[in-house]
Structures are given as structure tokens and as C-alpha cells.
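S.K.: Curious how this folds, go ahead:
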Amino acid sequence: MDNHSSSDAAEALGAAGYVWQATYSTDEWNMSWVDDDENAGWVILRHRDSGAS
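M.R.: Here you go, the predicted model:
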């Protein structure tokens, strides 16, 4: 599996791609994705508290 940017994941999920597997912890998602050309990668999304109320 190659390392792809988060924009590659966004493009894949915005088109015909899908999330293959996702795990969640308190403030983090780790998602594996596949696009319609059989490219695959993963992204880690972290919650960031903006401090706004």
C-alpha cells in the first residue's frame, strides 16, 4: 500500500471509492480507502479542539 495524501483520499471517497476499514479511538480515526482505479491508502484524522465556545 502506497502513502497517499489526504486529498487523494478525499478524491477517492468523493468519486467511486470506498472506506475499506476504519478504526476509532477517543480523538482519532484511522481509515483505509480504495479508489475506482484500485489505488489504496490510509489517512489518520485527529480531532482538534479549536477552543471556541
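S.K.: Give me the contact list for stretch 13-27.
M.R.: With contact meaning C-beta atoms under 8 Å, 6 or more residues apart in numbering, stretch 13-27 is reached by 11, 29, 30, 31, 32, 33, 34, 35, 36, 40, 46, 47. All C-beta atoms are positioned from the backbone trio N, CA, C, and that covers glycine.
S.K.: Out of those, grab the one that's most surrounded.
M.R.: residue 33 (22 neighbours; other C-beta atoms under 10 Å).
S.K.: one step back: now the contacts of stretch 13-27 as CSV including secondary structure and pLDDT?
M.R.: Shown next, in CSV, are these (DSSP: H, G, I helix; E, B strand; the rest coil; pLDDT from 0 to 100):
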residue, secondary structure, pLDDT
11, helix, 82
29, strand, 84
30, strand, 86
31, strand, 83
32, strand, 85
33, strand, 83
34, strand, 88
35, coil, 86
36, coil, 86
40, strand, 85
46, strand, 81
47, coil, 77
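S.K.: neighbouring strands for the helix or strand containing residue 41, and are they parallel or not?
M.R.: Using DSSP states H and E, residue 41 sits in strand 40-46. Sheet pairing here is set by DSSP bridges, and for strand 40-46 it gives strand 28-34 (antiparallel).
S.K.: give the contact list for the residue nearest the centre of the chain.
M.R.: The centre of the chain sits closest to residue 43, judged by C-alpha atoms, centre = their mean, with a distance of 3.9 Å. Residues near residue 43 by C-beta under 8 Å, 6+ apart: 6, 9, 30, 31, 33.
S.K.: can you do 6 Å?
M.R.: Residue 43 makes contact with 6, 9, 31, according to C-beta atoms under 6 Å, 6 or more residues apart in numbering.
S.K.: so where is the protein shaky, pLDDT-wise?
M.R.: Within the chain, the stretches with pLDDT under 70 are 1-5, 50-53.
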